[in-house]
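Enquirer: below are the sequence and a predicted model for it; my questions follow.
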Amino acid sequence: DGVNSLNNTKNNLFSNITVAGATAVTGISNTNGSTAAMIKNVLNNKVSNITGGTGTIQGLLVNFDAGTTTVTSDTVSNITYGAAITGIVFGTGTNNVNAVTNCSLNVINTFTGSGAFQVAGIFTTGSATVGTRNVFRNKIYNLANNNSGGSVAGIRVNGGFNQNVYNNLLADLRTPSSTGSLLFGISVVSVQTNSTISVDYNTVYLTGSSSGLNFGSSAIVHTTSTTATTANLTLRNNIFIKASTPSVNPGVTAAYVRAGAVTLANYNAASNNNIFFAGTPSATNLIMFDGTNSYQTLATYKAAVTPSDANSLSVNITFQSTTGTSSGFLHLTSPSIASRPASTIPGIPIAFDGSPRNIPQHIGVDPPVPQLLMGFSTRANGTLHRRRADHHANRVAEVNPHALDRGSHLLIIGNVGADAQSIAPGVFDFKLA
């Protein structure tokens, strides 16, 4: 097909399919195209309720995305298979320097695998030399593999020139019988030379356990390289919670795993303002594991990766809900330490739900909902400044956050116009102007 030709795959339903044996299934395949700058849209499709034997299944397959490709608002759910299961697959077929693929607002959930293969939500690779793939604002949950040698990955970055993964929600990923480190939130296994991978504003919450020996898990894993420009990874403003339970004779359960040679060469120094939490520090609950060295505490981790992650934290986070069907799924409660100022990232102006990311920006997919404070105590909570605009009203009340107790965290949303009145020593009451 030619330059600027339009290819739409919209509003299709592929459901209630049962196959036997080694029959492979691809729900919707869009591999039409060539090196030309085609415009492709894969929108509002639904692939669900598929039961199979020992073949592989792909919910959506998109390839030859050489122009502008949009894959959005699709649903892939309720798949049971004995081999590899992948919700959305992006191939390598792009040779256009201006190619941009956007994968967003997709919901991928409820996969059950029973073979020694991988169950994955989104699998992305790409051209070795050109093109950009953006994977953002997707929700992935309830993926399981019951085979002792089977693995699960929420998002797998397998290659590509320029990959951006941001504003995604991932939770309820499970390998209940696995023997080994086979459970991953975000798996960056690319070994592509001269490539960049940015992982920003994602929230990954891993729970679960395994009855198998040497069970291991990681909220994010990155294949290392001694060459800085090979799959160079930047992590910013993410929440990586590894709350899975080690098994008897456990393997490594870590918030962050670097797999391969012991090197930080391809971990970008701009990485910062992440939350890495793996439970109570111990030999089995690690902030990071690099294949040889274990880093149980934030202090030892920071010393190892400096100058990266200078402002990163290791704290548990409370979410409104960890249930994938909830509107509060992996959204922050208020107040939250994740509301602290984080790295400002150009080109990501909105959060998961579409709300604007204010300056300063915050950690995770969505800023916490601000709490309305109806009064301030200068003695207990901070310093109240009153600037008199006239002799009667329209005064401005504001809190000095630096005067707060160290354990307090405020989302600064601006000044509050008010008629302020002292009702007790050091205590002021006011109404919104």
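Expert: Noted; the coordinates are in hand.

Enquirer: okay, N285 and V221: tell me how far apart.
Expert: 16 Å (CB to CB, to the nearest Å). In short, each C-beta sits where N, CA and C put it, glycine included.

Enquirer: thought T226 was touching V262?
Expert: No. In this structure T226 lies outside contact range of V262 using CB atoms under 8 Å: 9.6 Å.

Enquirer: would you say T300 is within a helix?
Expert: Yes. With DSSP: H, G, I helix; E, B strand; the rest coil as the criterion, T300 is part of a helix.

Enquirer: any idea which residue sits dead centre in the chain?
Expert: N202 (2.6 Å; CA atoms, centre = their mean).

Enquirer: please verify my assumption that that residue contacts N238.
Expert: Yes. Using CB under 8 Å, N202 is in contact with N238, at 4.9 Å.

Enquirer: so what sits against both of those two?
Expert: G364 (CB atoms under 8 Å, 6 or more residues apart in numbering).

Enquirer: just the CA atoms of stretch 326-344, as PDB, please.
Expert: Taking Å, rounded to 0.1, in the frame of the first residue of the first chain, the C-alpha atoms of stretch 326-344 are listed here in PDB:
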ATOM      1  CA  SER A 326     -12.100  -0.900  40.100                       C
ATOM      2  CA  SER A 327     -11.900   2.700  39.000                       C
ATOM      3  CA  GLY A 328      -9.400   3.300  41.800                       C
ATOM      4  CA  PHE A 329      -7.100   0.500  40.500                       C
ATOM      5  CA  LEU A 330      -3.600   1.400  41.600                       C
ATOM      6  CA  HIS A 331      -4.500   5.000  42.100                       C
ATOM      7  CA  LEU A 332      -2.900   6.700  45.100                       C
ATOM      8  CA  THR A 333      -4.700   7.600  48.300                       C
ATOM      9  CA  SER A 334      -4.200  11.000  49.800                       C
ATOM     10  CA  PRO A 335      -2.000  12.000  51.400                       C
ATOM     11  CA  SER A 336       0.800  10.000  49.700                       C
ATOM     12  CA  ILE A 337       4.500  10.300  49.700                       C
ATOM     13  CA  ALA A 338       4.300   9.700  45.900                       C
ATOM     14  CA  SER A 339       2.900  13.300  45.700                       C
ATOM     15  CA  ARG A 340       6.400  14.600  46.300                       C
ATOM     16  CA  PRO A 341       8.000  16.500  43.400                       C
ATOM     17  CA  ALA A 342       9.500  14.200  40.800                       C
ATOM     18  CA  SER A 343      11.400  14.400  37.500                       C
ATOM     19  CA  THR A 344       9.700  16.700  34.900                       C
END
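
Enquirer: can you give me the mean pLDDT across that stretch?
Expert: On average, the pLDDT along stretch 326-344 is 84.

Enquirer: figure out how far that stretch is from the centre of its chain.
Expert: 13 Å (CA atoms, centre = their mean, to the nearest Å).

Enquirer: swap in stretch 283-302?
Expert: Using CA atoms, centre = their mean, the offset of stretch 283-302 from its chain centre is 21 Å.

Enquirer: now that stretch: buried residues?
Expert: 284-290, 294-296, 298, 300-302 (16 or more other CB atoms under 10 Å).

Enquirer: so the residue nearest to the centre of the chain versus N30, what's the distance?
Expert: From N202 to N30 the distance is 26 Å (CB to CB).

Enquirer: do G185 as well
Expert: Taken as CB to CB, the span from G185 to N30 is 27 Å.

Enquirer: who's in contact with the residue nearest to V315 when sequence neighbours are not counted?
Expert: Once flanking residues are discounted, V315 sits nearest to I337: 5.6 Å by CB to CB, 6 or more residues apart in numbering. Taking CB under 8 Å, 6+ apart, we find I337 in contact with 275, 313, 315, 317, 409.

Enquirer: just those: which are in strands?
Expert: When DSSP state E defines the strands, the subset of the contacts of I337 inside them is I275.

Enquirer: ok, and the most crowded of the contacts of I337?
Expert: I275 (25 neighbours; other CB atoms under 10 Å).

Enquirer: closest to T72 among the buried residues of stretch 283-302?
Expert: The shortest gap between T72 and any of the buried residues of stretch 283-302 belongs to M288, at 33.8 Å (CB to CB).

Enquirer: so that closest one, which of the three states?
Expert: Using three-state DSSP, the structure places M288 in strand.

Enquirer: is it true that it touches P281?
Expert: No. Counting by CB under 8 Å, M288 sits too far from P281 to count as a contact (11.6 Å).

Enquirer: wait, T344 touches N272, no?
Expert: No. Between T344 and N272 there is no contact under CB under 8 Å: 10.8 Å.

Enquirer: and these two? which has more neighbours close in?
Expert: Taking neighbours as other CB under 10 Å, T344 and N272 compare with N272 leading, 18 against 13.

Enquirer: got the contact list for that one?
Expert: 236, 308-312, 342-343.

Enquirer: show me which pair in the residues you listed is furthest apart.
Expert: S308 and A342 (14.3 Å).

Enquirer: neighbour-wise, which of the two wins?
Expert: A342 (25 against 19).

Enquirer: apart from its chain neighbours, what residue comes closest to that one?
Expert: Nearest to A342 is N273, by CB to CB, 6+ apart, at 3.9 Å.

Enquirer: count of neighbours near that neighbour?
Expert: With other CB under 10 Å as criterion, N273 counts 24.

Enquirer: hmm, R236 and it touching each other?
Expert: Yes. Taking contacts as CB under 8 Å, N273 lies within contact range of R236: 6.0 Å.

Enquirer: got any residues that touch both of the two?
Expert: Among the neighbours of N273, those also in contact with R236 (CB under 8 Å, 6+ apart) are 342-343.

Enquirer: all strands for the stretch 1-150 of the chain, in order.
Expert: Secondary structure of the stretch 1-150 of the chain by DSSP state E, counting those that start in this stretch: the strands cover 6-10, 13-18, 25-30, 39-43, 46-51, 57-62, 68-72, 75-81, 85-90, 100-104, 107-113, 118-124, 132-136, 139-145.

Enquirer: how about the ones you listed in CSV, adding distance to T333 and mean pLDDT?
Expert: Putting those into CSV (distance: least, CB to CB, whole Å; pLDDT from 0 to 100) gives the following:
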stretch, distance to T333, mean pLDDT
strand 6-10, 37, 91
strand 13-18, 36, 96
strand 25-30, 37, 94
strand 39-43, 33, 93
strand 46-51, 32, 97
strand 57-62, 32, 96
strand 68-72, 29, 94
strand 75-81, 27, 96
strand 85-90, 29, 96
strand 100-104, 25, 94
strand 107-113, 23, 97
strand 118-124, 25, 97
strand 132-136, 23, 94
strand 139-145, 19, 97
